[in-house]
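>>> fold the following, please.
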Amino acid sequence: CGLDNSYTMGKAARLFAPFRSLGVVCGDEGLFSIQKLGSRTFLTVSVGDAYQVYDTSHLRTSFISPKLPGTIGAIATRRDVTFCAVGERVLALQRGECVATLDTGSTDPVLELMIFGDTTLLAMDREGIAVLPVHECLKKRKAGDDTVLSVAASKRVSLGEGQFTPSCWLHPNAYLNKVLVGSKEGTLRLVNLRSGMIVHEFAGFESPVLCLAQSSLVDVVGLGLANGKAIVVNLRYDEQICTFAHEGVAVTALSFRSDAVPVLVTATVDGALASWDLRERRLIRIERDAHTGEIAGVVFLPNEPVFLSVGTDNAIKMWIMDRSDGSARLLRFRNGHSRPPSRIRYYGQDGHFILSGGHDHAFRLFCTIQDQRSCELAQSRVERERKRHRRNEDTDTKLPPVIAMASCKLRERDWANVVTAHEGLSTAYTWRFEDRALGKSVLRSRHGAITAVEISACGHMCFLGTEDGSVLQFYLQSGRDRGSILSSTGTAVAVLASDATNSVAVACDAAGLVRFIDIQSRSEKGTLALGRGVSCGALQRDSGLLVVALDDFSLVVLDIDLQRIVRRFRGHGGRVTDVAWSPDGRWILSAAMDTTVRVWDVATACCIDEFRCEDPPTGITMSPTGAFLCVSLADTVAVHMLVNRAHFGAVYPRSIELATSLRNVDEVPLLETPTAAFGGGEDAGAVGMDDDGSDDAGSESDADASDAAAWPTPEHHGLVHLAGIPRAQW
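Residues are numbered from 1 along each chain as shown. As a prediction, the model looks like this:
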C-alpha cells in the first residue's frame, strides 16, 4: 500500500505519525476513581488528556482511552461509563467513545465529580453543585450507533453565602440527598441537594480541609488538614473523636479499612504513608519514602486488608497489611519516570527494549511490546552505600542522572553489558541486563569526571571519555583498567565512538577537535579541527560515518576512514540536543531546542522531513528495525513512539526549503503527542466535539487523506491485501 507523496508545509509530517507513549502510569494530578464490577475491582486514573483503567488484581492495564479535547480535571466511573470533566463540560465515555456531553450550567471549571445513587452525577465547581441525570448515558449502545447526547443539569445547588472555597467533598453513608463539602477556609458544610439548603456548618478546624473519607461507621468521617492533622469527626454530634498529627506536612489523602479492623491510613504531601490504630489511638508505622512525591489519594479495596496509593510521581502502589504489628508492606506496583528522561537508547537489535535515564536519578528499561516487562534497573548496592555516608535525609541515595550510556547485546549472558556515565561522577557504572541490576565492576577514572562512554562492537572493551580530554580503556569482563589510549587535551570529551572492527576509535571534544585513535597501537592516527564546539554525536558503524552537532546548530558528517568532512547540514534554530541514525544509514535524525525534529537524507544532502514537538526534545533514538522513532521531551515523563510510515509503505517526501521554516518555527507541522494506547495519537478527534459540532480532527486534514490512500481497492475479486500497520499493534 502507498501513501500520498506530496509534502505540504504546516499540515503534517510525512514520514512519522504518533503511535503510543511509554512509561505513563498516572497523571500529575493523581486523579482516580475505583469501582467493583462483579468479583473484580478496577482503578481508573487520568493521564493528562486521556485515562487508563487498571485491573487491581495484578495492576495490569485493561483499557486506554484515546485523547480527549482537553486536560481532565475530574473523573468518576459507573459501570462501563467513565465521566471526565474537561473545563466546564463533562464528557460521558463508553469504552472510549463519547456518548454524551453534559452541561453543568456554569462557566467555571469542574473541580470534582461524584456518582450519586444509580442514575445521578454531581459536578462541583466554585459556584456550586450541578445535578446531572445520566440514566440515558448508562444504557448499552447498539452497534453502529454514534449518537452523542446532550444532557443539561436538572438543578444547581449553591454552597451558601460567605467566604467558602470548596476543596473536597463526600457523600456520608445513610445521609439521604446530602453531601459534605470541605473548604480551604477550614470549614465543612452539609448540603441538602433536594432543598438546596445548608443543613449544618462545621467550623473550628483552623486549617484548609484537603481530603475527606468515610469510615465503616455511620456518622463517622475522617478529615485531612493542611497543617498535618488527621481528625476523626462524628457528624451527628459535631464533635472530634480523635486527632493524629504529622510533623508539619499536609495530609493529602486518607482512608479507613473496611473489613471491621479499626485502622486509618493517611498520606502526606512529602510521599509518606502512616498507619494509625483507632482503638488504641496510636501510630502503628510510617513509611517515609512510600512515594517520591505527593500522594494524591489512598483507598482501601472493599473488605480487604489491601489499599492503593496513587502519587503525583507517576506511580501506583498496592499495599497489604499482613505484618505482625498490623503495618503495611508493598505488594505490587506500577511506575515510570517521576521526572522527564534525559537520555534514551534502544537496546539490542529486535527493537523490544529501550534504556532510559531520567532526571529522577532512575535508570529504567521500557518494553515496547508488553508494559508488564518494563522496570527500573536496581541500584540497591549503591543505595545502601550512599545511605551509610549521607549527611542528611535530603541527600538522594540513588546515582546522579545519566548523561551518557552504551550497550552491547552480544555478551549479555556472560557479563555486564551496559555502561553509564553520571553527572559529575568520576566513575562509570556497569549494568547486567540479564539481572536488571548493577554489575559488579565500577570503572574509575583518575582524570576527572566521565563525560562519554562507548562499548566496542565485540562487547569486550569499554572506552571512557573524561573532562580533561583523556580516553580510558577497560575490560568489561573483569573491570580491569587498561590505562589511557589518548592523552589529555584539557577539554572534555563530548562524543566517543568505535568502529565495527575494533580498530579505530574517535573522540570529539567540546572545543571541536576530532582525534582518530588506533586502538591496537594505542596511538593517535590524525586530527581534524571543526572550528566549533561539539554538543553530541552518533556513529553509523556499518558505513563508518560519524555525525556530530556543533554549537552553531549545524550538523557535520565525518568519514572516519578518510578522516574528512563529507556532509554538512544547516537548518535548526536552537542547540541540537541529540542525533540518531536510521538502521540503513540513509537518514540522520536530529532534535533541537527549537522544539523541532528534522530528518536529513545523507545521499541527497537535504532535509526531507520535519515536525515540531509540544516541548523541546531532549533525546531521540530509532528502532534497529527502522519501524519506530522514539522521542523524549523536556516537560513530560513519557517516551513517545512514532511510527515510520516509510517502513510500511512507499513514501516519497520532497526536499524542504529550510529558509522558510527558519523565519517562523510555528510553520513547521506540530506532531501530536500520542497516548499510551496503540495508535492513540491519531484517534483524538473521535472522542470530543467542538462547540460547533465539528470533529476536532478536521474534515480535510492531511493525515486523514494519507490514511485513506493507505488502503487501495482490490484489483481483482477475492484479492487480499496484507496489513501495513506495525506488528506490535496486533
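
>>> now do the contacts for Met593.
The contact partners of Met593, taken as C-beta atoms under 8 Å, 6 or more residues apart in numbering, are Gly574, Arg575, Val576, Thr577, Pro616. Just so you know, the C-beta spots here come from the backbone N, C-alpha and C atoms, and that holds for glycine as well.

>>> by neighbours, which of these wins?
Highest neighbour count within the contacts of Met593, by other C-beta atoms under 10 Å: Val576, with 27 neighbours.

>>> pull the most distant pair out of the contacts of Met593.
Spatial extent of the contacts of Met593 (C-beta to C-beta) is set by the pair Val576 and Pro616 at 11.1 Å.

>>> what do these two both touch?
Any residue near both Val576 and Pro616 by C-beta under 8 Å, 6+ apart counts here, and that gives Ala592, Met593.

>>> now do the closest residue in space to Val90 that isn't next to it in sequence against Leu355, distance only.
Counting by C-beta to C-beta, 6 or more residues apart in numbering, Val90 lies nearest to Leu102, which is 4.0 Å off, once chain neighbours are set aside. To Leu355, Leu102 is 44 Å away according to C-beta to C-beta, to the nearest Å.

>>> does the residue nearest to Val90 count as helix, strand or coil?
strand (DSSP: H, G, I helix; E, B strand; the rest coil).

>>> touching, it and Val86? I think so.
No: counting by C-beta atoms under 8 Å, Leu102 stays clear of Val86, with 10.6 Å between them.

>>> give me the more crowded residue out of the two.
Neighbours were counted for Leu102 and for Val86 using other C-beta under 10 Å; Leu102 has more, 25 against 20.

>>> and the more buried one, what are its bridge partners?
Under the criterion DSSP bridges, Leu102 forms beta bridges with Val90, Val151.

>>> give me the local confidence score for it.
On pLDDT, Leu102 comes in at 94.

>>> check which residues of the one helix or strand Val99 maps to are buried.
Per DSSP states H and E, Val99 falls inside strand 97-103. Neighbour counts over strand 97-103 (16 or more other C-beta atoms under 10 Å) mark Glu97, Cys98, Val99, Ala100, Thr101, Leu102 as buried.

>>> helices or strands up against that strand?
Judged by 3 or more C-beta pairs under 8 Å, 6 or more residues apart in numbering; DSSP states H and E, strand 97-103 is in contact with strand 89-94, strand 149-152.

>>> what lies in contact with that strand?
Strand 97-103 is contacted from outside by 81, 83, 89-93, 121, 123, 132, 134, 136-137, 141, 146-153, 686-689, using C-beta under 8 Å, 6+ apart.

>>> skipping its backbone neighbours, what lies nearest Ile241 in space?
Using C-beta to C-beta, 6+ apart, the closest residue to Ile241 is Val232 (4.4 Å).

>>> distance check, that neighbour against Leu190.
Going from Val232 to Leu190 by C-beta to C-beta gives 17 Å.

>>> and the spatially most central residue of the chain, what does it touch?
Most central in the chain under C-alpha atoms, centre = their mean is Ala638, positioned 2.9 Å from the mean C-alpha point. By C-beta under 8 Å, 6+ apart, the contact set of Ala638 is Ser21, Leu22, Gly23, Val24, Gly336, Ser632, Thr673, Ala676.

>>> can you check Val506 too?
Per C-beta under 8 Å, 6+ apart, neighbours of Val506: Val495, Leu496, Ala497, Ser498, Val514, Arg515, Phe516, Ile517, Leu539, Leu546, Leu558, Ile560.

>>> now Gly533: how far from Ser470?
As judged by C-beta to C-beta, Gly533 and Ser470 stand 18 Å apart.

>>> got a list of what Gln169 touches?
Slight slip there: residue 169 is Trp, not Gln. Contacts of Trp169 by C-beta under 8 Å, 6+ apart are Glu112, Met114, Met124, Val179, Leu180, Val181, Gly182, Leu212.

>>> please list only the buried members of the residues you listed.
The neighbour-count criterion (16+ other C-beta under 10 Å) marks Glu112, Met114, Met124, Val179, Leu180, Val181, Gly182, Leu212 among those as buried.

>>> what is the nearest of those residues to Ile241?
Set against Ile241, the nearest of these by C-beta to C-beta is Leu212 (14.8 Å).

>>> thought the closest one was touching Gly182?
Yes: taking contacts as C-beta under 8 Å, Leu212 lies within contact range of Gly182: 5.6 Å.

>>> returning to that earlier point: in terms of neighbours, single out the busier of Val232 and Leu190.
Taking neighbours as other C-beta under 10 Å, Val232 and Leu190 compare with Val232 leading, 22 against 18.

>>> for the stretch 251-400 of the chain, what spans make up the helices?
In the stretch 251-400 of the chain, the segments counted as helices under DSSP state H, counting those that start in this stretch are 380-389.

>>> where in it is pLDDT low?
Applying pLDDT under 70 to the stretch 251-400 of the chain flags the ranges 386-395.

>>> partners of Ser498 in the sheet?
Note on Ser498: beta-bridge partners by DSSP bridges are Ala505.

>>> tell me the contacts of it?
Residues counted as contacts of Ser498 (C-beta under 8 Å, 6+ apart) are Glu454, Ile455, Ser456, Ala457, Met461, Phe463, Val504, Ala505, Val506, Ile519, Leu539.

>>> can you read off the pLDDT for it?
For Ser498, the model assigns a pLDDT of 95.

>>> quick check: it vs Lys409, distance?
Distance, Ser498 to Lys409, using C-beta to C-beta: 16 Å.

>>> surely His171 and Met114 touch.
Yes: with contact defined as C-beta under 8 Å, His171 counts as touching Met114 (6.5 Å).

>>> find residues that contact each of those two.
Common neighbours of His171 and Met114 (criterion: C-beta under 8 Å, 6+ apart): Val179.

>>> and Ala329, how far is that from Val25?
One correction, residue 329 is Arg, not Ala. With distances taken as C-beta to C-beta, Arg329 is found 20 Å from Val25.

>>> from Ile344, how far off is the residue nearest to the centre of the chain?
From Ala638 to Ile344 the distance is 11 Å (C-beta to C-beta).

>>> tell me, what's touching those two both at once?
Common contact partners of Ala638 and Ile344 (C-beta under 8 Å, 6+ apart): Ser632.

>>> list the contacts for the closest residue in space to Ile316 that isn't next to it in sequence?
Counting by C-beta to C-beta, 6+ apart, Ile316 lies nearest to Arg334, which is 5.0 Å off, once chain neighbours are set aside. By C-beta under 8 Å, 6+ apart, Arg334 lies in contact with Val25, Tyr54, Leu59, Ala315, Ile316.

>>> so what's the fourth one bridging to?
Using DSSP bridges, the beta-bridge partners of Ala315 come out as Gly311, Asn335.

>>> is it true that it touches Val24?
No: if you go by C-beta under 8 Å, Ala315 and Val24 don't touch, sitting 11.3 Å apart.

>>> overlap in contacts of these two?
By C-beta under 8 Å, 6+ apart, Ala315 and Val24 have these common neighbours: Gly336.

>>> quick one on the thing from earlier: can you pull the pLDDT of the residue nearest to the centre of the chain?
Ala638 is assigned 94 on the pLDDT scale.

>>> Gly23 versus that one, what's the distance?
Counting by C-beta to C-beta, the gap from Ala638 to Gly23 is 5 Å.

>>> what's the neighbour count on Val53?
Val53, neighbours per other C-beta under 10 Å, totals 19.
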